[in-house]
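K.L.:
prediction below, plus the sequence it came from.
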Amino acid sequence: DAKTTQPNSMESNEEEPVHLPCNHSTISGTDYIHWYRQLPSQGPEYVIHGLTSNVNNRMASLAIAEDRKSSTLILHRATLRDAAVYYCILRDSGGSNYKLTFGKGTLLTVNP
Amino acid sequence: GAVVSQHPSRVICKSGTSVKIECRSLDFQATTMFWYRQFPKQSLMLMATSNEGSKATYEQGVEKDKFLINHASLTLSTLTVTSAHPEDSSFYICSALTGGSGELFFGEGSRLTVL
């Protein structure tokens, strides 16, 4: 799997927007960008994914750079329950290899 | 969304014993499941890929005789940690692949403590 680079940690205040960056300069044309998050002592939870266009769902928005070498996960109004480790992962849609390789992710702290 | 359940969520065992962890897809059939291990303050490490009706594929460095994986049905995969030792204490997480959309859903995790 292509490598992604994320900041180790970020901090936000409650009810403010959060922008979590991810660099993936070696992304291939068939790689989808996936975001998962993991709350303490729980399994990862799917957040959002996209290929080229920006994506929105009830949890977050995903902004993908035009050259696809970076992306940003946007939480529009952070809550205390959004405190988690956020993983940006590339997953090849062209083959049959569906396994996800996790990096270190970004630990998001939300201050009340 | 799809639900994947693991059991037990927590288990404590004595060194030298074997422990079985179950991973079930509750509302969909999963031909492929994945097992991960996570040590404190570290990321998830993929251990093996479990395919229904065939032998599991293990990642490099994972002992297949120590971590036995059985995927006997489309909704159940089991991970057995044989002759467990304290260094096997970890958070074990499974994920299941849905057939149609190809999305991955994760279980809640099982925390193993070997005394």
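P.N.:
Cool, got the structure.

K.L.:
run a quick neighbour tally on whatever residue of chain B ends up closest to chain A.
P.N.:
Relative to chain A, the nearest point of chain B is B:Phe106 (3.7 Å; Cβ to the nearest Cβ). C-betas here are computed from N, CA, C, even on glycine. The local packing of B:Phe106 (other Cβ atoms under 10 Å in any protein chain shown) involves 23 other residues.

K.L.:
just checking, it touches A:Glu45?
P.N.:
Yes: between B:Phe106 and A:Glu45 there is a contact under Cβ atoms under 8 Å: 7.0 Å.

K.L.:
direction included, what does the helix or strand that contains A:Leu107 pair up with?
P.N.:
Assessed by DSSP states H and E, A:Leu107 sits inside strand A:106-111. Next to strand A:106-111 in the sheet, as set by DSSP bridges, lie strand A:9-13 (parallel), strand A:84-92 (antiparallel).

K.L.:
residues contacting the longest one, please?
P.N.:
Under the criterion Cβ atoms under 8 Å, 6 or more residues apart in numbering or on different chains, residues A:1-2, A:4, A:6, A:20, A:22, A:24, A:27-28, A:30-40, A:44, A:47, A:49, A:71, A:73, A:98, A:100-103, A:105-108, B:43 lie in contact with strand A:84-92.

K.L.:
who does the residue of chain B closest to chain A form a beta bridge with?
P.N.:
Beta-bridge partners of B:Phe106, as defined by DSSP bridges: B:Ser95.

K.L.:
show me which residues of chain B sit near chain A.
P.N.:
B:1, B:4, B:6, B:32, B:34, B:36, B:43-46, B:49, B:91, B:93-95, B:97, B:102-109, B:111 (Cβ under 8 Å from any Cβ of the partner chain).

K.L.:
now the residue in chain A that chain B sits nearest to: closest residue in space that isn't a chain neighbour?
P.N.:
Across chain A, no residue is closer to chain B than A:Gly43, which sits at 3.7 Å (Cβ to the nearest Cβ). Closest residue to A:Gly43 apart from its sequence neighbours, by Cβ to Cβ, 6 or more residues apart in numbering or on different chains: B:Phe106 at 3.7 Å.

K.L.:
do stretch A:53-70 and chain B meet at all?
P.N.:
No: counting by Cβ under 8 Å from any Cβ, chain B has no neighbours in stretch A:53-70; the shortest distance is 11.1 Å.

K.L.:
now the strand holding A:Leu107: average pLDDT?
P.N.:
Across strand A:106-111, pLDDT averages out at 97.

K.L.:
list of residues touching it?
P.N.:
Contacts of strand A:106-111 (Cβ under 8 Å, 6+ apart): A:6-14, A:18, A:20, A:78-80, A:82-86, A:88.

K.L.:
mind checking which of the residues you listed are buried?
P.N.:
A:Gln6, A:Met10, A:Ser12, A:Val18, A:Leu20, A:Ala78, A:Asp82, A:Ala83, A:Ala84, A:Val85, A:Tyr86, A:Cys88 (16 or more other Cβ atoms under 10 Å in any protein chain shown).

K.L.:
next, format the residues you listed as TSV and append pLDDT.
P.N.:
Written out in TSV, the entries for the buried ones among the contacts of strand A:106-111 read as follows (pLDDT from 0 to 100):
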residue	pLDDT
A:Gln6	97
A:Met10	98
A:Ser12	96
A:Val18	97
A:Leu20	98
A:Ala78	96
A:Asp82	97
A:Ala83	97
A:Ala84	97
A:Val85	97
A:Tyr86	98
A:Cys88	96
